[in-house]
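Peer 1: A predicted structure for the sequence below; I have some questions about it.
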Amino acid sequence: MANPIHFSDYIPLVWSSVDLFRHTIRVTQNNFIVHHLLGAALSKEGNIKEAIDQFNEAIRLKPDYADVYNNRGFAYLLLGEREQGCRDAQESCAPGMCKLYQYVSDEGLCN
C-alpha cells in the first residue's frame, strides 16, 4: 500500500515557517500564539532582535502566557542582556514553566 500524500508535506516547499506565520498575522487579529511561533522561528534563524519584537507582541496580547516569557528570556540571554533574560526566566516560572529559570540558576547566570 502506497503512503498517502498530504498537502502539509508540501508546505515547506512553498513557504518557510517565517513566511507562513507572517501571512497568518496579516490575515488574523490578536493572535498571540502566531506571534509567539513567529518569534520562535525567527530565533531559530538567528534573528534574535526581531524574535524579541514578536515575543513582545505576544506578551502584549496575552500577558499571562508563561511560555513566551521563557522564550523571550532565552533570546535576551543570547544577546547578553542578562538582567532582562533573568527577569523573564523568573516571570515564566511563576505559573510553573521553570526550565529556563532552573538552568540560569544552576549556571549562576541569575542571582
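Peer 2: Sure thing, it's come through.
Peer 1: identify the residues contacting the residue nearest the centre of the chain.
Peer 2: Central residue of the chain (C-alpha atoms, centre = their mean): residue 40, 3.6 Å from the mean position. Residue 40 makes contact with 51, 71, according to C-beta atoms under 8 Å, 6 or more residues apart in numbering. No exception for glycine: its C-beta is placed from N, CA and C like everyone else's.
Peer 1: need the three-state assignment for it.
Peer 2: helix (DSSP: H, G, I helix; E, B strand; the rest coil).
Peer 1: my read: residue 84 touches residue 75, true?
Peer 2: No. When contacts are counted by C-beta atoms under 8 Å, residue 84 is not listed as touching residue 75 (9.4 Å).
Peer 1: which of those two has more residues huddled nearby?
Peer 2: The residue with more neighbours, out of residue 84 and residue 75, is residue 75; 25 against 15, by other C-beta atoms under 10 Å.
Peer 1: show residues contacting the helix or strand where residue 54 lies.
Peer 2: For residue 54, the element it lies in under DSSP states H and E is helix 48-61. Applying C-beta under 8 Å, 6+ apart, the external contacts of helix 48-61 come out as 30-33, 35-36, 38-40, 42-43, 65, 68-69, 71-72, 75-76, 78-79.
Peer 1: how much space between the residue nearest to the centre of the chain and residue 111?
Peer 2: 28 Å (C-beta to C-beta, to the nearest Å).
Peer 1: could you do residue 36 as well?
Peer 2: 28 Å.
Peer 1: for residue 93, same thing?
Peer 2: 15 Å.
Peer 1: between the two, which one's more packed in?
Peer 2: Counted by other C-beta under 10 Å, residue 93 and residue 111 do not tie: residue 93 has more neighbours, with 19 against 7.
Peer 1: hang on, the more buried one packs against residue 105?
Peer 2: No. Using C-beta under 8 Å, residue 93 is not in contact with residue 105; the gap is 9.5 Å.
Peer 1: overlap in contacts of the two?
Peer 2: Joint contacts of residue 93 and residue 105 (C-beta under 8 Å, 6+ apart) do not exist.
Peer 1: quick one: the helices in the protein, in order.
Peer 2: 11-14, 17-27, 32-44, 48-61, 66-78, 82-93, 99-106 (DSSP state H).
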